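>>> 3D, please:
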Amino acid sequence: MVTAIEPIMQACGGMWIAYGSGDADKLTVDQNDKLKVPPDEPKYTLKRIWLSEKEEAGYYYGFSNEGLWPLCHIAYTRPTFKKEDWEEYKKVNGKFAQTILSEIKNIERPIVLIQDFHLALVPRMIKNSRPDASVGIFWHIPWPNSESFSVCPWKKEIIDGMLGADLIGFQTQLHCNNFVETVSREIESLFDFEQLTITRQDHTSYVKPFPVSIAFPNPSKNRDTNFDPKKLLKSLSVKTKYIGLGVDRLDYTKGILERLKAIEIFLRKYPGYVANFTFIQIAAPSRSKIKQYQKFTEDVEKEVERINNIFRKNGWKPILFFKRYHTRWEIDRLYRLANVCLVTSLHDGMNLVAKEFVAARSDNKGVLLLSQFTGASRELKDALIINPYNGEQTADAIKVGLELSPSEQTKKMRRMREVVKNYNIYRWSAELLKTIINI
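The predicted structure is shown next:
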């Protein structure tokens, strides 16, 4: 989300309200818990909200990421709902709402844009206190079908909270349709299925798709102007001709285990690539306080070790696994190095890695393998579209990608770059703001 929102704040200004944790965050703010960003040339204000360990555990790790996250992603992971987590979720949403109301108290007809599933109750809280405010919520992750969402014990409260917004945005039309269908099954309202509006208690909410994007071209601070692929390969101790790349958070929805299995199938099926292909997996630790994520990380590490032990040969191993955070600068260099980039999400609202890879390839080279279960697959039609559950198909697509002619690579990459260029994050935010202002 930061990848998408940061450039908008830099361009438009305003205030970004987010929760902070740890001493480092507290040391950077003033007496009002605010910070000018960036410090040397301020473009916007960051306002911190502080959460106790109990609040963070219940609101963020509990209800948001053990409940709503698996509920909204079709990755066959059972959501966990606890009453105490729900209470913390409500409490923290109230904290955000009160902070927002305090900041907008002297602003006439303020615009408030709420980001994602962590703050589903905030729109109603804002609208009840400030009916003159233009309130939007953008739901970055998928919205499941109505039957799946009905599992949530507090589904009506979540929906009611969201319907406080004038504009409810999703990544795709499918997710908009799923949301409207869910509301129609759960809450008595008036619907305009042509305009996709929901009217309840004399208030109308518009439901629209806004596929999120990235800054294009990449900000110069993220670029290595003296990029030398040979030096980078040497620093990684890689001597193979072909490079594959995966860039993900360590999250079960990203299809990392399925990707690793596909690489094993690829090397068994096409042994000519043994010792000629190296796959680099960037894996940022994520939600590591949740047991499910701890186990998933262990499973990924074991799978990497297992596959490397099968194919290891004369100092070569097929998979380089880096479990740490990487800077945008580091990732950009890897995007520019890779022959193929694999995005194998089992379910993803958008997946910005796909767009970042395309934006990084100013040389018009490289091939994107993209899961059909991402929002990005609806836009980047020149990617090699794959079903991540089909290891054979993914393995074959890796071979196709590595053997695609330079001219075909150029044609495909140019078209995808045009898509990202024409619908970048600035256009996304402009359309979002224009829509909410005109409601």
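>>> from here on, contacts and neighbour counts on C-alpha atoms
OK.
>>> buried set for stretch 318-330?
For stretch 318-330, the neighbour count (16 or more other Cα atoms under 10 Å) marks 318, 319, 320, 321, 328 as buried.
>>> Return the member of these nearest to residue 201.
Nearest to residue 201, judged by Cα to Cα, of these is residue 328 at 45.6 Å.
>>> Give me the nearest residue to residue 384, chain neighbours excluded.
Using Cα to Cα, 6 or more residues apart in numbering and skipping the chain neighbours, the partner closest in space to residue 384 is residue 369 (4.7 Å).
>>> Make sure the one you found is indeed in a strand.
Yes. Under DSSP: H, G, I helix; E, B strand; the rest coil, residue 369 falls within a strand.
>>> show me what contacts it?
Listed by Cα atoms under 8 Å, 6 or more residues apart in numbering, the contact partners of residue 369 are 340, 341, 342, 343, 344, 383, 384, 385, 386, 397, 398, 401.
>>> Pull the number of nearby residues for the fifth one.
This points to residue 344. 29 (other Cα atoms under 10 Å).
>>> what residues go with each domain of the chain?
Under the assignment automatic domain parsing, the domains of the chain span 51-213+425-438, 220-422.
>>> possible to save these as TSV with distance to residue 29 and mean pLDDT?
Below are the domains of the chain laid out as TSV (distance: least, Cα to Cα, whole Å; pLDDT from 0 to 100):
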stretch	distance to residue 29	mean pLDDT
domain 51-213+425-438	15	97
domain 220-422	23	97
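>>> These into JSON lines, with extra columns for distance to residue 4?
Formatted as JSON lines, those follow (distance: least, Cα to Cα, whole Å):
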{"stretch": "domain 51-213+425-438", "distance to residue 4": "6"}
{"stretch": "domain 220-422", "distance to residue 4": "8"}
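>>> Return the member of the buried residues of stretch 318-330 nearest to residue 269.
Taking the buried residues of stretch 318-330 together and measuring to residue 269 by Cα to Cα, the closest member is residue 318, at 14.3 Å.
>>> picking up where we left off before, and the residue nearest to residue 384, how far from residue 381?
11 Å (Cα to Cα, to the nearest Å).
>>> likewise residue 237?
34 Å.
>>> returning to that earlier point: taking the buried residues of stretch 318-330 one by one, which sit in helices?
Among these, DSSP state H puts residue 328 in helices.
>>> Point out the ones among the buried residues of stretch 318-330 that are inside strands.
319, 320, 321 (DSSP state E).
>>> Could you point out the bridge partners of the first one in the sheet?
With DSSP bridges as the criterion, the beta-bridge partners of residue 319 are residue 279.
>>> Doesn't residue 35 lie inside a strand?
Yes. Assessed by three-state DSSP, residue 35 belongs to a strand.
>>> related to what we said a few turns ago, in JSON lines, list the ones in strands among the buried residues of stretch 318-330 along with distance to residue 24.
Listed next are these as JSON lines, based on distance: Cα to Cα, whole Å:
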{"residue": "319", "distance to residue 24": "34"}
{"residue": "320", "distance to residue 24": "31"}
{"residue": "321", "distance to residue 24": "28"}
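>>> and which of these is nearest residue 390?
Nearest to residue 390 among those, with distances taken as Cα to Cα, is residue 319, at 20.0 Å.
>>> Roughly how far does that closest one sit from residue 215?
30 Å.
>>> Quick one, grab the pLDDT at residue 27.
The score at residue 27 is 84. That number is its pLDDT.
>>> same check, this time on the one 10 residues further on
The confidence metric pLDDT takes the value 92 at residue 37.
>>> OK, contacts around it?
43, 44, 45, 46.
>>> Narrow those to those in strands?
44, 45, 46.
>>> who touches the second one in this structure?
Spelled out, it's residue 45. Taking Cα under 8 Å, 6+ apart, one finds 13, 14, 15, 16, 34, 35, 36, 37 in contact with residue 45.
>>> pLDDT at the fifth one, what is it?
Put plainly, it is residue 34. 94.
>>> Quick check: it touching residue 46?
Yes. Look at residue 34 against residue 46 with Cα atoms under 8 Å: they come within range, at 5.6 Å.
>>> For residue 195, give its distance to residue 173.
12 Å.
>>> what do you get for residue 150?
20 Å.
>>> sorry, back to before: I'd like the contacts of residue 369 as CSV, with distance to residue 364 and secondary structure appended.
Formatted as CSV, the contacts of residue 369 follow (distance: Cα to Cα, whole Å; DSSP: H, G, I helix; E, B strand; the rest coil):
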residue, distance to residue 364, secondary structure
340, 12, strand
341, 14, strand
342, 17, strand
343, 18, strand
344, 22, coil
383, 13, coil
384, 15, strand
385, 19, strand
386, 21, strand
397, 19, helix
398, 18, helix
401, 14, helix
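>>> gap between stretch 325-335 and the chain center?
Taking Cα atoms, centre = their mean, to the nearest Å, one finds the center of stretch 325-335 at 16 Å from the center of the full chain.
>>> Stretch 287-295 too?
That offset, for stretch 287-295, works out to 18 Å (Cα atoms, centre = their mean).
>>> again, but for stretch 171-189
21 Å.
>>> Check which helix or strand the closest residue to residue 391 other than its chain neighbours maps to.
Distances taken as Cα to Cα, 6+ apart put residue 262 closest to residue 391, at 4.6 Å, once the chain neighbours are dropped. Assigned by DSSP states H and E, residue 262 falls within helix 256-269.
>>> hang on, the earlier thing: return the distance of the residue nearest to residue 384 relative to residue 3.
Counting by Cα to Cα - residue 369 and residue 3 are separated by 21 Å.
>>> do the same with residue 115
From residue 115 to residue 3 the distance is 13 Å (Cα to Cα).
>>> again, but for residue 63
When residue 63 is compared with residue 3 (using Cα to Cα), they lie 24 Å apart.
>>> With residue 163 instead?
27 Å.
>>> before we move on, what about residue 178?
The value you get for residue 178 to residue 3, if Cα to Cα is used, is 26 Å.
>>> Looking at the two, which one has more neighbours?
residue 178 (18 against 15).
>>> thought that one was touching residue 148?
No. Residue 178 is beyond contact range of residue 148, at 10.1 Å (criterion: Cα under 8 Å).
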